[in-house]
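Student: Need coordinates for the below:
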Amino acid sequence: CQATGEPDPTISWYFKGAPVNVTDTTKYTIVDLPLTSSSHGSVIRINNVGSCDAGTYTCNATNVISSDTSSGVLTVNVAPNITTPMEGEEFNITEGTEGSIRCTATGHPVPTVVWQNSDGSSLSSNMRLVSGDPVVTSTGVGNVSSVSVELMLIGAVRGDSGMYTC
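Tutor: Numbers count the residues shown, from 1 in each chain. Here you go, the predicted model:
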């Protein structure tokens with residue numbers, strides 16, 4: 001954040017509209033930068049960035065005459081994490097019936113979920129094996145989303161037995 005003014009402006013930082021707790025030096029480091037005789041700057045450093053740090057940061061430059069603001073949006077990428085099914089979880093379906101397995105993953109950007117069979121090849125939908133459309137929801141934590149894809153088996157036969165991976 002760079003600001004000019006006479007008298008010199010004071011720069012303060014806001015996150016999602018609330019003042020940044022500058023006393024929390026484990027989370028934030030604020031560095032004041034005297035750029036020129038009439039221009040001052042401030043840099044906010046966010047330590048140990050996590051998904052909860054995603055959002056709008058605003059700097060506010062104020063002196064006795066006026067104030068001005070400038071904002072920027074921080075996007076935090078989060079590696080995909082499969083939340084269901086659990087590793088090694090078994091599903092049993094009676095021959096001739098139908099059943100389904102749901103795979104849910106979180107991350108940012110929204111992860112792509114693909115079902116594979118035991119040889120690692122992607123499953124293609126056919127009359128009996130259907131991969132449903134992805135359902136995407138917000139997790140409420142930063143910008144992390146959850147995506148869920150259901151694998152449905154219609155009219156199970158013994159040959160459908162095996163390992164399925166998402």
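
Student: does the nearest residue to Pro9 once chain neighbours are set aside have beta-bridge partners, and which?
Tutor: Nearest residue to Pro9 in three dimensions, chain neighbours excluded: Ala61, at 3.9 Å (CB to CB, 6 or more residues apart in numbering). The C-beta positions use only the backbone N, C-alpha and C, and glycine is treated the same way. With DSSP bridges as the criterion, the beta-bridge partners of Ala61 are Ile11, Asp68.

Student: who's in contact with Ala61?
Tutor: Under the criterion of CB atoms under 8 Å, 6 or more residues apart in numbering, the contact partners of Ala61 comprise Cys1, Ala3, Gly5, Pro9, Thr10, Ile11, Ser67, Asp68, Thr69.

Student: How about the residue most central in space within the chain: what's its closest non-neighbour residue?
Tutor: Closest to where the C-alpha atoms of the chain average out (CA atoms, centre = their mean) is Val144, at 2.6 Å. On the basis of CB to CB, 6+ apart, the spatially nearest residue to Val144 that is not a chain neighbour turns out to be Ser51, at 4.7 Å.

Student: hang on, isn't the one you found packed against Ser138?
Tutor: No: under the contact definition of CB atoms under 8 Å, Ser51 does not touch Ser138, with a separation of 11.3 Å.

Student: Common neighbours of those two, please.
Tutor: Val144.

Student: Does the closest residue to Gly41 other than its chain neighbours fall in a helix, a strand, or a coil region?
Tutor: By the measure of CB to CB, 6+ apart, the closest residue to Gly41 outside its immediate chain neighbours is Leu33, 3.9 Å from it. Per DSSP: H, G, I helix; E, B strand; the rest coil, the local secondary structure of Leu33 is strand.
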